[in-house]
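Asker: just to be clear, the model below is a prediction. Sequence and coordinates:
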2 protein chains.
Amino acid sequence: MTADPAVTDHPIHPLLATRWSPRAFTPTPVTSEQLISLLEAARWAPSGGNVQPWSFVVVPRDDAAAFARLLGSLAEGNRVWAQHAPLLLLAVAQQERQPGTPNPYALYDLGQAVASLTVQATALGLRVHQMGGFDPEQARAAFAVPADYAPVTVLAVGAQGDPTALPEPLRGRELAARTRKPLDSFVFGDTWGHPLALLADMAQAG
Amino acid sequence: MTADPAVTDHPIHPLLATRWSPRAFTPTPVTSEQLISLLEAARWAPSGGNVQPWSFVVVPRDDAAAFARLLGSLAEGNRVWAQHAPLLLLAVAQQERQPGTPNPYALYDLGQAVASLTVQATALGLRVHQMGGFDPEQARAAFAVPADYAPVTVLAVGAQGDPTALPEPLRGRELAARTRKPLDSFVFGDTWGHPLALLADMAQAG
């Protein structure tokens, strides 16, 4: 079962249009081959100075003790559905390029690595739902993450489940239309706040 | 002309394996249709709370005055090649969810949006080279970026040019092998620093 692709205003690649963050996952485990490809995709993301400031702790549901530890760090609103995902990943940013020198691109580049991983997941028929709703310090303690590394997100990974089987209010959220701001609210030409001529022309042509 | 794909240790989707950040671009302009698809791809990236904390200032080379302003903010080592790219984008993060409330995912989510844009670029036969080497305050002044928004990267976009036409030392860098840390240096199982059993098994099977 897959969700409908995003209703985009302009054409984008199917791997981007069909990407989606569900709350319903099937229990089918992510295979070793799939997992390795997800991590390899993250590995080849670009990063400032090729520093590659990302790390991942891999927590399959089959590893019951570790899974319970990571699940315990999640906000209740996430735990209620994420407990059924076959795989959780803790995504961690290395905050310094070297001791005492902060890396201003650590979070940005981790975001890029996770986005690459998500493209690969979509290509493999899997879904990724990223969560910021967790306690980073609890996750740090649970997995012995060093002080100069920041737990940033927890990713639930698996094949999409049946949205209609979710309890409310998750079901309603799962079935709600996907929305984004219009392009002309965040794309500017020439200077900030000035519309890109191209977008203004398209709006006029309407 | 396209670069060789990354020599990956495990299979990843061609849109990720062939992504690359060149310094040589052809002068061929990015078309309106291509530009709109790049921005639409960024638009549909995921973000914490669907806040979409990204903005882009679009600066084609044909817009000589604006192009010179953005080029002027670049570090010399980037300006020397980026001046030939047909399109520059200033990528900006909205740092607050609402006035006084910082968004801890602003940079992370901007990174995801740029990664999505880059996948779309690759699908269209274009290349993106992200630069952190620029003066954010000079770019802010040049494009009137508000105080609560952070200029984070400048993206050079276009079709890949001939690496052998670059002057040294750019030519050498352009032709150098692409490298990444091994997976087992940043992927952990069970707890930090413990190898993922799967990777350990593969190394043994080696």
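Answerer: Great, that's in hand. Numbering: from 1, shown residues only, chains lettered A, B, ... in the order given.
Asker: using the three-state scheme, assign A:Ala203.
Answerer: helix (DSSP: H, G, I helix; E, B strand; the rest coil).
Asker: quick check: closest non-adjacent residue to A:Phe25.
Answerer: The shortest distance from A:Phe25 to any non-neighbouring residue, by Cβ to Cβ, 6 or more residues apart in numbering or on different chains, is to A:Gly158 (3.9 Å). For glycine as for every other residue, the C-beta is placed from the backbone atoms N, C-alpha and C.
Asker: for A:Arg19, see how far away the one you found is.
Answerer: A:Gly158 is 14 Å from A:Arg19, where distance means Cβ to Cβ, to the nearest Å.
Asker: can you check A:Leu170 too?
Answerer: Per Cβ to Cβ, A:Leu170 is found 19 Å from A:Arg19.
Asker: more neighbours: which of the two?
Answerer: Counted by other Cβ atoms under 10 Å in any protein chain shown, A:Leu170 and A:Arg19 do not tie: A:Arg19 has more neighbours, with 24 against 17.
Asker: shouldn't the more buried one be in contact with A:Val119?
Answerer: Yes - the pair A:Arg19 / A:Val119 is scored as a contact, 7.4 Å apart, by Cβ atoms under 8 Å.
Asker: phi and psi next, for A:Leu35.
Answerer: When read as degrees, to the nearest 10, the backbone of A:Leu35 gives phi -60, psi -50.
Asker: can you pull the pLDDT of it?
Answerer: Looking at A:Leu35, its pLDDT reads 98.
Asker: what about the closest residue to A:Arg180 other than its chain neighbours, how many residues nearby?
Answerer: Leaving aside its chain neighbours, A:Arg180 sits nearest to B:Arg43 (5.1 Å; criterion: Cβ to Cβ, 6+ apart). Using other Cβ under 10 Å, the number of residues around B:Arg43 comes to 26.
Asker: what of A:Gln83?
Answerer: Neighbours around A:Gln83, by other Cβ under 10 Å: 15.
Asker: quick one, what contacts it?
Answerer: Counting by Cβ atoms under 8 Å, 6 or more residues apart in numbering or on different chains, A:Gln83 makes contact with A:Leu71.
Asker: state the pLDDT value of it.
Answerer: We have a pLDDT of 97 for A:Gln83.
Asker: how close does it get to A:Ala123?
Answerer: Counting by Cβ to Cβ, the gap from A:Gln83 to A:Ala123 is 26 Å.
Asker: just A:Gly189 next, same as before
Answerer: Counting by Cβ to Cβ - A:Gly189 and A:Ala123 are separated by 33 Å.
Asker: which strand runs longest in chain A?
Answerer: What stands out as the longest strand in chain A, according to DSSP state E, is strand A:149-158.
Asker: neighbours around the closest residue to chain B within chain A, how many?
Answerer: Nearest residue of chain A to chain B: A:Gly111, at 3.0 Å (Cβ to the nearest Cβ). For A:Gly111, the tally of surrounding residues (other Cβ under 10 Å) stands at 32.
Asker: how far out from the middle of the chain is the longest strand of chain A?
Answerer: In terms of Cα atoms, centre = their mean, to the nearest Å, the centre of strand A:149-158 is found 8 Å from the chain centre.
Asker: alright, I will stop here.
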